[in-house]
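> give the three-dimensional model of this entry:
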Amino acid sequence: MAQNGQFSANMSKRALKKYLGELKPEALREQLLDLHDRFPEVREYYKFVFNPNEEDLLRQAQEKIREEYFPRRRKKAKARRSVAKNLIRHFETLEVSPTVMAELMAFNIKTAAAYEPTRNCPDSFYKSIGVSFKQWVAHVHYHRIHREYVQHVRDFMRQAEDRQWPNLDYLEDILDQIESN
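Predicted coordinates for the structure are as follows:
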């Protein structure tokens, strides 16, 4: 790929556009195929572009999140919240629809909330769920789909209230901030 020293350690987007504009269609096609072969992310992206089955993708992601909190293959839950965060980031990269993204975010929060009474969770758990809640509520408001999720939000807040979550005030502040905007 590096021909005639055109690439520097931190190539700008402008330089990349110039380089790609100078390539012949066949050379560009070869480079795309090479990227496809080398990088799983590129394969995943094109797989999604040509077959955007968001429901299957959502189902697979939900299963991974569920497995983190309620494993079937091992005895103890890992409850790594980073798994859901990475899946959400992956969905952002693929640019799935806002509704599918909101469904994944809601599922993550509901699953973590269902896990909470089964363990003595550290403060970091509640903080992380608070951040996830904030992102979810902001997402549904930004995309103007919040009416579809009003009941989900109420159910989650009622659950946090009933269980006396230590970050309940924070969660209520998030709702107040977003609803006032």
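
> which ones are touching the residue nearest in space to the middle of the chain?
Computing the C-alpha centroid of the chain and ranking residues by Cα atoms, centre = their mean puts Ile88 first, at 0.6 Å. When contacts are counted by Cβ atoms under 8 Å, 6 or more residues apart in numbering, Ile88 touches 101, 104-105, 108, 135. In short, each C-beta sits where N, CA and C put it, glycine included.

> next, the buried residues of whatever helix or strand it lives in.
In this assignment (DSSP states H and E), Ile88 forms part of helix 81-94. Buried residues in helix 81-94, counting neighbours by 16 or more other Cβ atoms under 10 Å, are found at 81, 83-84, 87-88, 90-91, 94.

> over to stretch 169-181?
By neighbour count, with 16+ other Cβ under 10 Å as the criterion, the buried positions of stretch 169-181 are 170-171, 174, 178.

> ok, stretch 30-48 next?
Counting neighbours by 16+ other Cβ under 10 Å, the buried set in stretch 30-48 is 45, 48.

> and the residue nearest to Glu68 when sequence neighbours are not counted, what does it touch?
Closest residue in space to Glu68, ignoring its immediate chain neighbours: Val83 at 5.0 Å, by Cβ to Cβ, 6 or more residues apart in numbering. With contacts defined as Cβ under 8 Å, 6+ apart, Val83 is in contact with 64-65, 68.

> make CSV from those residues and add distance to Asp56 to it.
Below are the contacts of Val83 laid out as CSV (distance: Cβ to Cβ, whole Å):
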residue, distance to Asp56
Lys64, 13
Ile65, 15
Glu68, 19
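
> in helices, which of the residues you listed fall?
Cross-referencing the contacts of Val83 with the helices (criterion: DSSP state H) gives 64-65, 68 as the overlap.
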